[in-house]
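Peer 1: I'll drop the sequence and a predicted model, then ask my questions.
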Amino acid sequence: MTTSTVASQGGAFMDEELSSQPEVWLRAIAQAQQEHLLPADGKRVAVVGCGTSWFMAQSYAVARESAGRGVTDAFAASEAFLGSARQYDAVVAITRSGTTTEVLDILADLKGKVPTVAVIGDVTSPVRELADAVVELPYADEKSVVQTRFATAALVYLLTSVGVDLDAAVADARTALAAPVTQAFLDAEQFTFLGSGWTVGLAHEAGLKMREAVQAWTESYPAMEYRHGPIAIAAPNRVVWVFGEVPPGLADDVARTGAVLVASDEHPLAELTRVHRIALERARARGLDPDAPRNLSRSVILG
């Protein structure tokens, strides 16, 4: 098979899955409005996940606490501080496959001690037997190794649960996904993604998508941290992409480096779908298949 053929065919699953996000989000919004499975307001909550799910946990944690719903901390499952000294009232675990070792270990350890909720894509997974409550999102599950719609659907569900109105996100995502990918984004040497508040998790997720799908050099930071060192790599043919509000003075600072600044009034979740599309097309242009990226599998299961 030639490189051009691979480039035209690679990522078929990712393509279908990322394109379906607006419709999947509508289902997640409706489901969240009907269910009451997540910890009640005022509860101290820890949210755990691995990889993409960890970044969605970060976004949810900031959004929940900012909405006044209670103290909320996010942890990578492998580094979670969930001992009795922290006194969490509940733990929420996000896992597409429901088979990730670190997440299963946490749920098994907490069984009968702390109430747990799992947000899952694969409803046949073993996590169902460990969590006290399960948010089932089978319509958001994916075949591609590189996650798109499960991660965003889980976050949409979680944001809806704390009162965030996402109508604009759905509308803006439809526009973003229909927009063509410009050659400048296909050719860019490097991307840095920035966020603030709940969008810091989106920035980290955008960077991960480029690394997974494209094997590309990408970085991500809280927006106000960017000028404390990372801006040193900004240069022509490199992109600085901000999710949400651009901090005062940052646009001028980036302009002086010659890098391209991307900032939009569109909803940050919609901007993430735009990054998904760019990552897919950059992978295809390089003859890569993000449905089966190098060194990665759908779930990390440790022996």
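Peer 2: Structure received.
Peer 1: tell me, how many residues neighbour Arg174?
Peer 2: Using other CB atoms under 10 Å, Arg174 has 15 other residues around it. For every residue, glycine as well, the C-beta is placed using N, CA and C.
Peer 1: also Arg27?
Peer 2: Per other CB under 10 Å, the neighbour tally for Arg27 reads 15.
Peer 1: these two touch, right, it and Tyr139?
Peer 2: Yes - here Arg27 lies in contact with Tyr139, judged by CB atoms under 8 Å, at a distance of 5.8 Å.
Peer 1: what do the two both touch?
Peer 2: Residues touching both Arg27 and Tyr139 comprise Ala153, with contact defined as CB atoms under 8 Å, 6 or more residues apart in numbering.
Peer 1: output the contacting helices and strands for the longest helix along the chain.
Peer 2: Taking DSSP state H as the criterion, the chain has its longest helix at helix 268-285. Packed against helix 268-285 by the contact rule (3 or more CB pairs under 8 Å, 6 or more residues apart in numbering; DSSP states H and E) you find helix 3-9, helix 12-19, helix 21-34, helix 149-161, helix 167-178, helix 183-187, helix 200-214, strand 238-243.
Peer 1: settle this for me: Leu37 is touching Pro115, isn't it.
Peer 2: No - using CB under 8 Å, Leu37 is not in contact with Pro115, being 10.7 Å away.
Peer 1: if I look at the two, which residues touch both of them?
Peer 2: Between them, Leu37 and Pro115 share the contacting residues Ala133, judged by CB under 8 Å, 6+ apart.
Peer 1: can you list the domain ranges for the protein.
Peer 2: Following automatic domain parsing, one gets these domains for the chain: 12-164, 168-285.
Peer 1: of those, which is nearest Ala292?
Peer 2: Comparison of these against Ala292 by CB to CB identifies domain 12-164 as nearest, at 6.0 Å.
Peer 1: how far does the closest one stretch from start to finish?
Peer 2: Terminal residues of domain 12-164 lie 32 Å apart, using CA to CA, to the nearest Å.
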